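**Student:** Give me a model of this one.
(one chain, ligands or ions: 2)
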Amino acid sequence: MKALVALKLNTMSVENVTIDPPEAGEVLVKMGAVGVCHSDLSVANGTVPMPLPMVLGHEGAGVVEAVGPGVRRVEAGDHVVLSFVPACGECYFCQRHEPHLCTSCTADGLMLDGTSRLRMQGQSIGAMSQLGCMAQYAVVPAISVMQIDRSIPFDRAALLGCGVMTGVGAVTNTAQVKPGATVAVFGCGGVGLAAIQGARVVGARQIIAVDRVDSKLDYARHFGATHTVNAREDPVAAIQAHSGGWGVDYSFEFTGNAVVMDQAYRAARRGGTVCIVGVGRGSDSLALNACAFAPEAKTVLGCYYGNANFRVDMPNMLALYQAKRLDLDAMITRTYRLDDAVRAFEDMEAGLNARGVIVLD
Ligand SMILES: [Zn+2]
Ligand SMILES: [Zn+2]
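**Tutor:** Ligands and ions are numbered 1, 2, ... in the order given. You can find the predicted model right below:
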């Protein structure tokens, strides 16, 4: 089959890959659509270290083709979304209702039993997030799939497996933004745009979007931003000017840039909440002033996968989509063939899309 492979640092291409049948507790999925997410690029360029070669893709939806022994959650023919974090239901975190931190989620590219189902030129290779779904087929853990209604298009559904879940979840689950609140969103890629939608859905009265790219600020306005700030001007001063001089109730960071994280911290009002969602380089730090931190009384939250309990949150978000309150249609600004996957990532880096999606036959 064809798959997008990160061959070595900064080198990805569509390659012929052999895929083995599903083992116990695994599901073979014929992919229908796969989102183009910045995290794939972070693996390919080493920002998020994972062993290469690795099949990329961690935001997908498709049809179950076959199941391995012991799988009862789904059967052949079911339509499913893949979650880039599995939920085993049994580990320390799952038992404490924090399945977004499930210990089954690993960065080694291997299945839960420590082996791989993927080979390239005879060599075993990894699958990103145990999915590796930017491919015609993927063998994935059954604890990573969520069955969905057949009426929901794969390209819309795929977005729930990473970006939309993370962005909306950051607002609704992690920060728990209240109706009438003021919100700033730093970074208007797919995840930031989803957060803007989340803030709109929960009834934030002011949503200030910040980005360097004017076309992304146009998207931000479409999805519910009430104000936009081009980051080339001082965004903290602009946000304070828009929000009564003291900053916003909730400030979200989606770029993974430590300078922007600091801006997001400063843009929150005294006693406000700062939610850091972007993943930066391991060599960068976010400094908190030892004198100001306590008197400013801000809450700083790290956010992974929008604190999602995906078995609950995916159906909820699909219901919002079907009720036309969550706009997944407009999130997809361009679709690509798998053969054009490398260009899809180039377009993402150029800031051309709200979300690009690879669509398969
Ligand atoms: Zn992602
Ligand atoms: Zn778990």
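
**Student:** pull the helix or strand with minimum mean pLDDT from this structure.
**Tutor:** helix 38-44 (a mean of 93; mean pLDDT, DSSP states H and E).

**Student:** Now do it: which elements does it pack against?
**Tutor:** With contacts defined as 3 or more CB pairs under 8 Å, 6 or more residues apart in numbering; DSSP states H and E, the packing partners of helix 38-44 are strand 2-8, helix 341-349. All C-beta spots, glycine's among them, are computed from the backbone N, C-alpha and C.

**Student:** tell me how far the helix or strand following that helix is from the chain's mean position?
**Tutor:** Using DSSP states H and E, the helix or strand that follows helix 38-44 in sequence is strand 54-55. Relative to its chain's centre, strand 54-55 lies at 18 Å (CA atoms, centre = their mean, to the nearest Å).

**Student:** Please identify the nearest residue in space to whichever residue of the stretch 51-200 of the chain sits closest to ligand 1, excluding sequence neighbours.
**Tutor:** Closest to ligand 1 within the stretch 51-200 of the chain is Cys162: 3.2 Å, counting by CB to the ion. Using CB to CB, 6 or more residues apart in numbering and skipping the chain neighbours, the partner closest in space to Cys162 is Glu59 (3.9 Å).

**Student:** I figured the one you found was touching Met31, is that so?
**Tutor:** No - at 10.8 Å, Glu59 does not count as touching Met31 under the criterion of CB atoms under 8 Å.

**Student:** Which one's more surrounded, the two?
**Tutor:** Between Glu59 and Met31, Glu59 has the larger neighbour count (other CB atoms under 10 Å), namely 32 against 28.

**Student:** Spatially nearest residue to Met31 (excluding sequence neighbours)?
**Tutor:** Gly62 (4.2 Å).

**Student:** Three-state assignment for the one you found, please.
**Tutor:** Judged by DSSP: H, G, I helix; E, B strand; the rest coil, the three-state class of Gly62 is strand.

**Student:** Tell me which residues touch it, please.
**Tutor:** Val29, Lys30, Met31, Gly32, Ala33, His79, Val80, Leu82, Cys133, Ala138, Phe154, Leu360 (CB atoms under 8 Å, 6 or more residues apart in numbering).

**Student:** So which bits of this structure are right by ligand 2?
**Tutor:** Contacts of the chain with ligand 2, taken as CB under 5 Å from the ion, map to Cys88, Cys91, Cys94, Cys102.

**Student:** can you tell me which of the residues you listed are in helices?
**Tutor:** Applying DSSP state H to those, the entries found in helices are Cys94.

**Student:** want to throw the residues of the chain next to ligand 2 into TSV with pLDDT?
**Tutor:** Output for these, formatted as TSV (pLDDT from 0 to 100):
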residue	pLDDT
Cys88	97
Cys91	98
Cys94	97
Cys102	98
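
**Student:** of all the residues of the chain next to ligand 2, which comes closest to Leu328?
**Tutor:** Cys102 (24.9 Å; CB to CB).

**Student:** Quick check, pLDDT for the residue nearest to Met31.
**Tutor:** pLDDT, Gly62: 98.

**Student:** what residues are up against Asp313?
**Tutor:** So Asp313 contacts Met165, Val168, Gly169, Asn173, Gly306 (CB under 8 Å, 6+ apart).

**Student:** Check for me that the third one belongs to a helix.
**Tutor:** Yes - note on Gly169: a helix contains this position according to three-state DSSP.

**Student:** What residues are bridge-paired with the residue nearest to Met31?
**Tutor:** Beta-bridge pairing for Gly62 (DSSP bridges): Met31, Val80.

**Student:** And the helices in the stretch 51-200 of the chain, which stretches?
**Tutor:** Here the stretch 51-200 of the chain has its helices, by DSSP state H, counting those that start in this stretch, at 92-95, 154-158, 163-169, 190-202.

**Student:** near ligand 1 at all, the last one?
**Tutor:** Spelled out, that is helix 190-202. No - contact of helix 190-202 with ligand 1 (CB under 5 Å from the ion) is absent, the minimum separation being 7.7 Å.

**Student:** Taking helix 190-202 as reference, get the angle to the following helix or strand past that helix.
**Tutor:** Downstream of helix 190-202, the first helix or strand assigned by DSSP H and E is strand 206-211. For strand 206-211 against helix 190-202, the angle by axes from the mean of the first three to the mean of the last three CA atoms, to 10 degrees is 170 degrees.

**Student:** got the CA positions of the helix or strand following strand 206-211 in CSV?
**Tutor:** With elements assigned by DSSP H and E, the helix or strand that comes after strand 206-211 is helix 214-223. This file holds the C-alpha atoms of helix 214-223, laid out as CSV (Å, rounded to 0.1, in the frame of the first residue of the first chain):
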residue,chain,number,x,y,z
ASP,A,214,-3.7,38.0,7.7
SER,A,215,-5.5,35.2,5.8
LYS,A,216,-5.6,33.2,9.0
LEU,A,217,-7.1,36.2,10.8
ASP,A,218,-9.8,36.2,8.1
TYR,A,219,-10.5,32.5,8.9
ALA,A,220,-10.6,33.5,12.6
ARG,A,221,-13.3,36.1,12.0
HIS,A,222,-15.3,33.6,10.0
PHE,A,223,-15.2,31.1,12.9
